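Undergrad: sequence first, predicted coordinates after that:
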Amino acid sequence: MADPHEAAARSRARATAWRWVLAIVLLAAALRSEALWVGFAMDDWAQLAMLANAYGVERAPWDLFSFCDGSPREVGLMVESGLFPWWTDQELKLSTLRPLASLLVWLDVEAFGIDARWHRVHTLVWWIAMLVVVARLLLRVLPMRWALLAFALYALDECHAQPLAWSANRNAILATLFGIAAVDAHVRWREDGAASWHAWVLLVLAFASGEVALAAFGFIGAYEVTRRDRPMRALAGCIVVVVAWAILHRVLGYGAAYSGVYVDPSEVSSWIVAALDRGPILLADLAFALPTGQLALGGRGMLVQRVLGVVAFAAAAWWLRGRDGRSRWFALAAVLAMIPMVSAFVSARLLVLPAIAGHVLVAAFILEAIDARALHRVGSKLRLVVAAALGIAHLGLAPWWSVREIADLREFGAAAQQASDTAPPEIGRELVIVPVVADPSTLLYPPLVRAALGSSLPGRWAVLSAAPGPHRLRRVDARTLELHALGGLLRTPVEQMFRRRDRPFYRDPIQAWNGAVIEVLDYGTQDFPSRVRFTFAQSLDDPQVVVMLATPRGFVRYPLGPIGSEIAVPPASAPLAAD
């Protein structure tokens, strides 16, 4: 017979734990409250255009993450309209099966229109539910002190910023919610005798939300490997779900191909290179709470994070010697959960699910150092110093990175709106030529913003370059321009999203923009295209043709000089949002 005093003590402990969880959730939500005021950004505009039947190709409400299916027909349509740049690979595929996440975007538009605030409130509800599920799992499998510290570290992490403030990234919250619920159900089956099929159903819902569900399967696999009690038999049901999803994803033609940013595992050699490059960066983020979205954009920042990632891996492997099964489970889960994430460009947003395991380990190290603080040994004092540094990084700096990233996303979305707003009246012209753009807010989104809002569109949106640095533009004849990118094209992630740098251009000239012919004339150092000729179907003196420059004030009209003239084009700038 159970001791009533012991049962009452356990009940009080659970109540205390959940009060702490509630306090942490409220604090985390308050810190991210700015997300409610972030407008639409990036892929949000593409999905809104799809729902308005104004995207370059038709998409069903459940298929809003299929931006291009890899067929030359779709690529041609997107390039022709200017929604994709002229250098896009003819076989580019950027398409993911996320029906549940897509339908929720459709539901938002049906219920709230294009009032982004209510979209963000909807996301916040799912995020809070996700945090509750994470807390439930941690409190089930870890001692309360350890679970609460790990949960606090996780709830305050930078990784939540973009999923909260960017509708197109809500899929990560949904997949994590259902994925961790599946992990929790699997643990309850193995340890408490609950029904096994609960985990399978939840894993199906996770995969319907996004491929982040693969990271949840990594948690389950790591649990079984470290438990060492008939792991393959216990994993059979989950393996069936994963294999079924993989077959469906492939048979229906989803995946990524020939992008330098999104790399599908089927592109084996490219994926391995990406994994070796990106994996250490993500590990460094997990260990040291670095602002990945900032550091990873520059060459030196990426190098620093790679080195720190290797250091973190080696230090964790050494520290884990002789640790208990829970520590080993979460250590292996962190690695397995991160493997699918390397297919995308490195960003803290990729760690919404892997960060759970990472913060369990960080919390364990901090608590162990605190418990050993009374020992008069150099190693104990050193561990305490490292633990203090980790505490400051994860509990102090990470929330700040999160707040700052939300502000950056708000500014980025407003910049796209400003770019669109400053284009009239020229944007209604037959052909708008933009010699150089600075980033996606001036490359892709002006036509998408206007399409989503139902405003007038240009007949053709012709961006000539997205390369940073100076350019020279020469008018060859009445219909022809030659652009010389002094530093070369296709060097940046923005450009390489549409063409992998090792994919050469076809020998035949490229057709775009209602009869324009594009020819790569010269290659600079390291075989980057440097000089390109654009021959348009109509005279550049036609009143329906407008040349515009991207400036901090938005787009401004730029008159071309006479035939034979050559002008220096200043580096493009993203527009600054109006106050």
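TA: Everything's here; your move. Residues are numbered from 1 along each chain as shown.
Undergrad: strands of the stretch 351-500 of the chain, start to end?
TA: 431-436, 460-465, 471-477, 480-485 (DSSP state E, counting those that start in this stretch).
Undergrad: which one of those lies closest to residue 450?
TA: strand 460-465 (9.7 Å; Cβ to Cβ). Heads up, the C-betas are built off the backbone N, CA and C, glycines and all.
Undergrad: give me the neighbour count for residue 570.
TA: The tally of other residues near residue 570 (other Cβ atoms under 10 Å) stands at 14.
Undergrad: per-residue pLDDT, it?
TA: For residue 570, the pLDDT comes out at 79.
Undergrad: shouldn't it be in contact with residue 468?
TA: No. Using Cβ atoms under 8 Å, residue 570 is not in contact with residue 468; the gap is 11.5 Å.
Undergrad: what's the closest of the strands of the stretch 351-500 of the chain to residue 72?
TA: Checking the strands of the stretch 351-500 of the chain against residue 72 by Cβ to Cβ gives strand 460-465 as the closest, at 18.9 Å.
Undergrad: so what's residue 112 closest to, chain neighbours aside?
TA: Closest residue in space to residue 112, ignoring its immediate chain neighbours: residue 118 at 3.8 Å, by Cβ to Cβ, 6 or more residues apart in numbering.
Undergrad: ignore what I typed, I meant residue 263.
TA: Nearest residue to residue 263, sequence neighbours excluded (Cβ to Cβ, 6+ apart): residue 274, at 4.5 Å.
Undergrad: again, but for residue 154
TA: Using Cβ to Cβ, 6+ apart and skipping residues adjacent in sequence, the residue nearest residue 154 is residue 359, 4.4 Å away.
Undergrad: show me the contacts for that neighbour.
TA: When contacts are counted by Cβ atoms under 8 Å, 6 or more residues apart in numbering, residue 359 is found next to 150, 151, 153, 154, 157, 286, 394.
Undergrad: rounded mean pLDDT for the strand or helix carrying residue 173, please.
TA: Using DSSP states H and E, residue 173 falls within helix 170-192. In this model, helix 170-192 has a mean pLDDT of 95.
Undergrad: now it: how far from the chain's centre is it?
TA: Helix 170-192 sits 21 Å away from the centroid of its parent chain (Cα atoms, centre = their mean, to the nearest Å).
Undergrad: hey, C-alpha coordinates of the helix or strand following it in PDB?
TA: Remark: after helix 170-192, the chain's next helix or strand is helix 197-209, criterion DSSP H and E. Extracted in PDB, the C-alpha atoms of helix 197-209 (Å, rounded to 0.1, in the frame of the first residue of the first chain):
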ATOM      1  CA  TRP A 197       0.500   3.400 -31.200                       C
ATOM      2  CA  HIS A 198       0.200   6.800 -29.500                       C
ATOM      3  CA  ALA A 199       3.800   7.600 -30.500                       C
ATOM      4  CA  TRP A 200       3.200   6.500 -34.100                       C
ATOM      5  CA  VAL A 201       0.100   8.700 -34.600                       C
ATOM      6  CA  LEU A 202       1.900  11.700 -33.100                       C
ATOM      7  CA  LEU A 203       4.900  11.100 -35.300                       C
ATOM      8  CA  VAL A 204       2.600  11.100 -38.400                       C
ATOM      9  CA  LEU A 205       1.300  14.500 -37.300                       C
ATOM     10  CA  ALA A 206       4.900  15.700 -36.800                       C
ATOM     11  CA  PHE A 207       5.800  14.600 -40.400                       C
ATOM     12  CA  ALA A 208       2.600  16.300 -41.700                       C
ATOM     13  CA  SER A 209       4.000  19.500 -40.100                       C
END
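Undergrad: helices or strands next to helix 197-209 in the packing?
TA: Of the remaining helices and strands, those touching helix 197-209 by 3 or more Cβ pairs under 8 Å, 6 or more residues apart in numbering; DSSP states H and E are helix 99-112, helix 170-192, helix 213-227, helix 231-251.
Undergrad: the ones you listed: which one's closest to residue 354?
TA: helix 213-227 (5.7 Å).
Undergrad: dump the strands of the stretch 351-500 of the chain into CSV; add distance to residue 315 as well.
TA: Compiled in CSV, the strands of the stretch 351-500 of the chain are given as follows (distance: least, Cβ to Cβ, whole Å):
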stretch, distance to residue 315
strand 431-436, 44
strand 460-465, 44
strand 471-477, 46
strand 480-485, 43
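Undergrad: burial measure for the residue nearest to residue 263, as a count.
TA: Neighbours of residue 274 under the rule other Cβ under 10 Å: 21.
Undergrad: not counting its own residues, what contacts the helix or strand that contains it?
TA: Using DSSP H and E, residue 274 sits within helix 268-288. Contacts with helix 268-288, where a contact means Cβ under 8 Å, 6+ apart, come from 158, 263-265, 290, 292, 296, 302, 305-313, 315-316, 334, 338-339, 341-343, 345-346, 348, 350-351, 354-355, 358-359, 362, 390, 393, 500.
Undergrad: report the buried residues of it.
TA: Along helix 268-288, these residues count as buried under the neighbour rule (16 or more other Cβ atoms under 10 Å): 270-271, 274-275, 278-288.
Undergrad: what about it, average pLDDT?
TA: Throughout helix 268-288, pLDDT has a mean value of 89.
Undergrad: return the distance of it from the chain's centre.
TA: For helix 268-288, the distance to the chain centre is 14 Å (Cα atoms, centre = their mean).
Undergrad: now stretch 545-553
TA: Centroid separation for stretch 545-553 versus its chain: 29 Å, with Cα atoms, centre = their mean.
Undergrad: re the thing from before, which of the helices and strands packed on helix 197-209 sits closest to residue 25?
TA: helix 170-192 (13.7 Å).
Undergrad: for the helix holding residue 274, output the C-alpha coordinates as CSV.
TA: Output of helix 268-288 as CSV, limited to C-alpha atoms (Å, rounded to 0.1, in the frame of the first residue of the first chain):
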residue,chain,number,x,y,z
VAL,A,268,25.2,12.6,-51.5
SER,A,269,28.5,14.3,-52.1
SER,A,270,27.1,17.9,-51.8
TRP,A,271,25.2,16.9,-48.6
ILE,A,272,28.3,15.5,-46.9
VAL,A,273,30.2,18.6,-47.7
ALA,A,274,27.3,20.7,-46.3
ALA,A,275,27.1,18.5,-43.2
LEU,A,276,30.8,18.9,-42.4
ASP,A,277,30.6,22.6,-43.0
ARG,A,278,27.3,23.3,-41.1
GLY,A,279,27.3,20.7,-38.4
PRO,A,280,30.0,22.2,-36.3
ILE,A,281,28.4,25.7,-36.6
LEU,A,282,25.1,24.3,-35.2
LEU,A,283,27.0,22.4,-32.4
ALA,A,284,28.7,25.6,-31.4
ASP,A,285,25.3,27.3,-31.2
LEU,A,286,23.9,24.6,-29.0
ALA,A,287,26.9,24.7,-26.7
PHE,A,288,27.7,28.4,-26.4
